[in-house]
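# Fold the following and give me the result.
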Amino acid sequence: MNFTLRNPWWLCVLALVAWQGCGGEPKAPIIGPNLVVNGTFESTLEEGWWTATDSKAEPPEKSSATTSPDAADSGSAGLMLHKGPDGFYSMVGQTLNGHGAWQTFQVHARIKGTTGNEHVIIGYDSQSVEVVAETRWRTVSRLLLMSESSDDSNLRISLTTNDSTVYVDEVSLAMAQVERGDAEMARGNLLRNSSFESGLSLWDFFTSAPEGTASTSPDARHSGYAGLVLNRGPEGTITLVKQPLPDPVAEREEYRIEADVRGAHGGESVNLCLQIDHDPWTGPCITVTTYENWQHISQKLPIDETMLDERVGVVISPGSDGSVMVDDVILTRTQR
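Sure thing, here's the model as predicted:
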């Protein structure tokens with residue numbers, strides 16, 4: 001392994017001018033105007049929104065979407081979304097103008113469940129976030145990074161829990177201008193959003209226990225505005241984030257992974273792996289014991305014959321109790 005402390009003091013002075021890392025104040029995302037029409041549902045759904053359901057049940061069990069005063073968090077009305085006993089979803093959506101590739105958007109909504117534990121998915125084109133509703137109003141605000149351009153785009157709000165009803169209000173979608181971290185400017189980096197400036201967009205999250213969490217925070221940044229915070233949960237729990245690579249592994253390739261890591265108290269461990277995208281989920285890993293201060297990790301990952309022609313992804317997972325912070329993950333492909 002190759003562990004080195006990154007950025008001597010004179011680089012930090014320069015970085016302060018650019019507002020990046022080394023103690024400089026982070027730049028919060030700049031949020032543009034709301035692109036959603038009738039996002040407070042003061043008018044009927046005919047203004048701006050379309051509805052869809054695959055339910056074949058008869059009323060009143062049939063899935064439905066209406067506006068109602070009971071569903072208002074503010075104003076005189078909100079969205080009441082009901083899902084019956086069959087089908088996969090009850091959905092409303094809004095068709096918007098297109099967007100470019102690698103643009104970031106902020107989606108925002110207020111959500112409340114009638115009994116709690118209702119699952120709601122808010123999606124914009126290929127990106128989405130799943131929310132578990134509570135019996136109180138909660139604010140949902142996420143950054144979504146678009147991986148492809150689109151001439152037409154769709155914002156969608158879906159309820160997927162059978163025999164349930166949720167209330168939704170104050171929906172907005174706006175373009176966000178985010179600060180670029182070091183990894184976003186690294187030449188040859190195969191990963192996107194690897195400085196975590198656009199939340200967890202393009203990263204898949206998995207945990208085997210409720211205590212396992214993944215989030216982004218300005219407190220976890222090494223550069224840019226935000227970094228990744230991981231908590232494994234109890235011993236034996238699996239918690240990870242993963243980003244698949246666009247191309248399978250080819251013969252004679254090798255990869256180098258770099259990242260900046262630290263622990264909340266020091267002594268926590270974190271794993272950085274290149275993993276096959278199916279069972280048995282194998283691949284080379286680096287296990288790092290963290291310090292309280294940032295340390296830069298850089299190491300080659302060996303590729304054996306079992307990985308040839310396989311699709312793989314970068315996996316980041318905590319290997320111990322406590323919080324670990326990761327930022328500026330870089331994966332580059334080299335020849336042997």
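
# can you give me how far stretch 314-333 is from the chain middle?
14 Å (Cα atoms, centre = their mean, to the nearest Å).

# in that stretch, what's buried?
314-320, 322-332 (16 or more other Cβ atoms under 10 Å). Any C-beta I mention is one placed from the backbone N, CA and C, and that applies to glycine too.

# The residues you listed in helices, which ones?
Applying DSSP state H to the buried residues of stretch 314-333, no entry is found in helices.

# show me where the stretch 151-300 of the chain has strands.
In the stretch 151-300 of the chain, the segments counted as strands under DSSP state E, counting those that start in this stretch are 164-177, 204-207, 213-217, 227-231, 239-244, 253-263, 269-276, 285-289, 295-301.

# So which of the buried residues of stretch 314-333 are in strands?
The strands, defined by DSSP state E, take in 314-318, 323-332 from the buried residues of stretch 314-333.

# Determine which two of those residues are furthest apart.
Maximum pairwise distance among those (Cβ to Cβ): 27.7 Å, between 323 and 332.

# how much space between residue 317 and residue 242?
With the distance defined as Cβ to Cβ, to the nearest Å, residue 317 ends up 9 Å from residue 242.

# do residue 194 as well
Distance from residue 194 to residue 242, by Cβ to Cβ: 12 Å.

# ok, these two, which is more surrounded?
residue 194 (27 against 18; other Cβ atoms under 10 Å).

# what sits against the more buried one?
By Cβ atoms under 8 Å, 6 or more residues apart in numbering, the residues touching residue 194 are 181, 183-184, 243, 328-331.

# and if we set it to 6 Å?
Residue 194 is in contact with 183, 329, counting by Cβ atoms under 6 Å, 6 or more residues apart in numbering.

# which ones are touching the closest residue to residue 217 other than its chain neighbours?
The shortest distance from residue 217 to any non-neighbouring residue, by Cβ to Cβ, 6 or more residues apart in numbering, is to residue 229 (5.3 Å). Applying Cβ under 6 Å, 6+ apart to residue 229 gives the contacts 215, 217, 220, 323, 325.

# Make sure residue 273 is actually in contact with residue 282.
No - with contacts counted by Cβ atoms under 6 Å, residue 273 stays clear of residue 282, the gap being 9.2 Å.

# Between these two, point out the one with more neighbours.
Shown here are residue 273 and residue 282; by other Cβ under 10 Å, residue 273 has more neighbours (21 against 16).

# Just grab the bridge partners of the more buried one for me.
Bridge pairing for residue 273 (DSSP bridges) gives the partners residue 285, residue 315.

# same deal with residue 269?
Counting by DSSP bridges, residue 269 is bridged to residue 289.

# how many other residues sit next to it?
Neighbours around residue 269, by other Cβ under 10 Å: 18.

# With residue 284 instead?
When neighbours are defined as other Cβ under 10 Å, residue 284 has 18 of them.

# do you know how far it is from residue 215?
Distance from residue 284 to residue 215, by Cβ to Cβ: 27 Å.

# Equivalent analysis for residue 118, please.
The gap separating residue 118 from residue 215 is 22 Å, by Cβ to Cβ.

# ok, now which ones touch residue 158?
Residue 158 neighbours (Cβ under 6 Å, 6+ apart): 89, 91, 121.

# tell me the pLDDT at the first one?
Spelled out, it's residue 89. The confidence metric pLDDT takes the value 93 at residue 89.

# Isn't it up against residue 160?
Yes - under the criterion of Cβ under 6 Å, residue 89 makes contact with residue 160 at 5.4 Å.

# Quick check: the residue nearest to residue 217 vs residue 214, distance?
According to Cβ to Cβ, residue 229 and residue 214 sit 7 Å apart.

# surely residue 93 meets residue 154?
Yes - using Cβ under 6 Å, residue 93 makes contact with residue 154 at a distance of 5.3 Å.

# What ranges does the chain have for its helices?
Assigned by DSSP H, the helices in the chain fall at 9-17.

# Tell me the spacing between the residue positioned nearest the centre of it and residue 130.
The chain has residue 200 as the residue nearest its centroid, 2.2 Å off, counting by Cα atoms, centre = their mean. Per Cβ to Cβ, residue 200 is found 12 Å from residue 130.

# ok, now residue 313?
20 Å.

# between those two, who's got more neighbours?
Shown here are residue 313 and residue 130; by other Cβ under 10 Å, residue 313 has more neighbours (20 against 12).

# The residue nearest to the more buried one when sequence neighbours are not counted: neighbour count?
If the residues on either side of it in the chain are set aside, residue 313 comes closest to residue 244, at 4.0 Å by Cβ to Cβ, 6+ apart. If you count neighbours by other Cβ under 10 Å, residue 244 ends up with 14.

# So residue 244 sits against residue 314, correct?
No - counting by Cβ under 6 Å, residue 244 stays clear of residue 314, with 8.3 Å between them.

# is the nearest residue to residue 141 once chain neighbours are set aside in a bridge, and if so with what?
With Cβ to Cβ, 6+ apart as the criterion, residue 141 has its nearest non-adjacent residue at 4.8 Å, and that residue is residue 108. Per DSSP bridges, the residues bridged to residue 108 are residue 141, residue 172.

# my read: residue 108 touches residue 172, true?
Yes - Residue 108 is in contact with residue 172 according to Cβ under 6 Å; the separation is 4.5 Å.
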